[in-house]
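Enquirer: I'd like to go over a predicted model; first the sequence, then the structure.
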Amino acid sequence: MKIAVIGAGSIGSRHARILQDLKHEVVIVSSHVNSHLGTVKYKSISDALKHDQFEYVVVASKTSQHFNDLNELFNAKFTGSVLIEKPLFASSHRVAKNNFEFAGVGYNLRFHPAVLWLRGVLPQLGKISSANFYVGQYLPTWRENNDYSNSSSAKATSGGGVLRDLSHELDLAQYFFGDWTHLTACGGKFSELEIETDDTFSILMKTKTCSALSIQLNYLDRIKQRNITINGDNGTINVDLIAGTTQFNETTQTFKLEPDQTYLAEHTAMIAKDATTLCTFDEALAVVETIGAIEKASNKQKWVNR
């Protein structure tokens, strides 16, 4: 399959390498040359679609560029499959009707084996009373051989900051517990990191199926953590997404997670046009709208109703 990867940054590089490992023909579309990816064949989407044909396009540009890139694909009447990296947009936009054969958004954490396990066992927990999602990772050591202060995470104009970078937790909260009804939040840049974006956010919300749901996001943890804890009528579930371990009351289980496993599963689903686990455009738009509501709640120091 001939695939175009739009964007030559760290995530574009990762998608290109994985797809090449899957023996697909990958063409890079970027205004910048990246030696890790080899030669950039086209510098714009319009140029690529004018001179070449693709069955599948991966949009892995800066978050702030996603809306424009998507519009270029719309306007070019591209009819293949499209995967857009998360978050879908830096801020809320109306998505025009398109001719895409199949589309998804890159919330690949849905394909983590412990998340797939949780999806299966969650009904056994009964009525949910509370849930907590926690993720923390130290930004300066996040990406090897990369100056964090010059990364997209550090720049507001690129769509950086924990709310967008670590929005997997917002997607998973929605995926498991449905739409929120009201929320409040506290967040901002509280550390000495050399960034212009938010490094910490604490969010509290009520959803249709969870009375008290909290989400903690930060760029500060020297000890990398990513956990989910859920309490229900029939006990407690804890999931450690770094260690790949789960616990349902006294029963524990460990899942082996290979490098790039979730990305491989995501691309396999996209190529097979299997929407079972993939995040849809509508779901990803809801995450973008949630980010806007969280920022509003934090700025105004108040509860926001849906």
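Expert: Received the coordinates, thanks.

Enquirer: just for this protein, where's the confidence low?
Expert: For the chain, residues meeting the criterion pLDDT under 70 lie at 33-39, 96.

Enquirer: try it again with 90
Expert: The chain contains residues with pLDDT under 90 at 8-10, 31-41, 75, 92-99, 142-146, 152, 157-159.

Enquirer: where along the stretch 101-250 of the chain do the strands fall?
Expert: Per DSSP state E, counting those that start in this stretch, the stretch 101-250 of the chain carries strands over the ranges 102-106, 128-136, 180-188, 200-207, 212-218, 225-232, 235-240, 245-248.

Enquirer: For those, give me JSON lines that also has distance to Thr254.
Expert: Just so you know, the C-beta spots here come from the backbone N, C-alpha and C atoms, and that holds for glycine as well. JSON lines is the format used below for the strands of the stretch 101-250 of the chain (distance: least, CB to CB, whole Å):
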{"stretch": "strand 102-106", "distance to Thr254": "26"}
{"stretch": "strand 128-136", "distance to Thr254": "19"}
{"stretch": "strand 180-188", "distance to Thr254": "32"}
{"stretch": "strand 200-207", "distance to Thr254": "29"}
{"stretch": "strand 212-218", "distance to Thr254": "24"}
{"stretch": "strand 225-232", "distance to Thr254": "15"}
{"stretch": "strand 235-240", "distance to Thr254": "9"}
{"stretch": "strand 245-248", "distance to Thr254": "5"}
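
Enquirer: wait, which of those strands is closest to Ala297?
Expert: strand 180-188 (4.6 Å; CB to CB).

Enquirer: Figure out how far stretch 293-306 is from the centre of its chain.
Expert: Offset of stretch 293-306 from its chain centre (CA atoms, centre = their mean, to the nearest Å): 22 Å.

Enquirer: what's near enough to touch Ala103?
Expert: Listed by CB atoms under 8 Å, 6 or more residues apart in numbering, the contact set of Ala103 reads 81-84, 280-281.

Enquirer: Could you turn the buried ones of these into a ChimeraX selection?
Expert: Only the buried entries of the contacts of Ala103 go into this ChimeraX selection, using 16 or more other CB atoms under 10 Å:
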select :81,82,83,84,281
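
Enquirer: quick one on the thing from earlier: single out the most deeply packed of the strands of the stretch 101-250 of the chain.
Expert: Most buried of the strands of the stretch 101-250 of the chain by mean neighbour count (mean count of other CB atoms under 10 Å) is strand 102-106; its value is a mean of 23.

Enquirer: coming back round to it: inside strands: which ones of the contacts of Ala103?
Expert: Here DSSP state E is the test, and the contacts of Ala103 give 81-84 as lying in strands.

Enquirer: ok, those vs Val288, which is closest?
Expert: For the ones in strands among the contacts of Ala103, the nearest to Val288 is Ile84 (11.4 Å; CB to CB).

Enquirer: Check whether the closest one really touches Val105, as I assumed.
Expert: Yes. In this structure, Ile84 is within contact of Val105 by CB atoms under 8 Å, at 5.3 Å.

Enquirer: Identify the contacts common to the two.
Expert: Ala284.

Enquirer: circling back: a markdown table for the contacts of Ala103, including distance to Ile237?
Expert: Formatted as a markdown table, these follow (distance: CB to CB, whole Å):
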| residue | distance to Ile237 |
| --- | --- |
| Ser81 | 34 |
| Val82 | 34 |
| Leu83 | 30 |
| Ile84 | 31 |
| Thr280 | 25 |
| Phe281 | 29 |
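
Enquirer: what's the closest of the contacts of Ala103 to Ile128?
Expert: Thr280 (23.1 Å).

Enquirer: Tell me the spacing between the closest one and Val59.
Expert: To Val59, Thr280 is 15 Å away according to CB to CB, to the nearest Å.

Enquirer: for Arg17, same thing?
Expert: Applying CB to CB, the value for Arg17 to Val59 is 17 Å.

Enquirer: Same check on Ala284?
Expert: In terms of CB to CB, Ala284 sits 12 Å off from Val59.

Enquirer: Give the residues shared as contacts by the two.
Expert: Contacts common to Ala284 and Val59, judged by CB under 8 Å, 6+ apart, are Ile84.

Enquirer: I'd guessed Lys273 sits against Glu101; true?
Expert: Yes. Lys273 lies in contact with Glu101 (CB under 8 Å); the separation is 7.4 Å.
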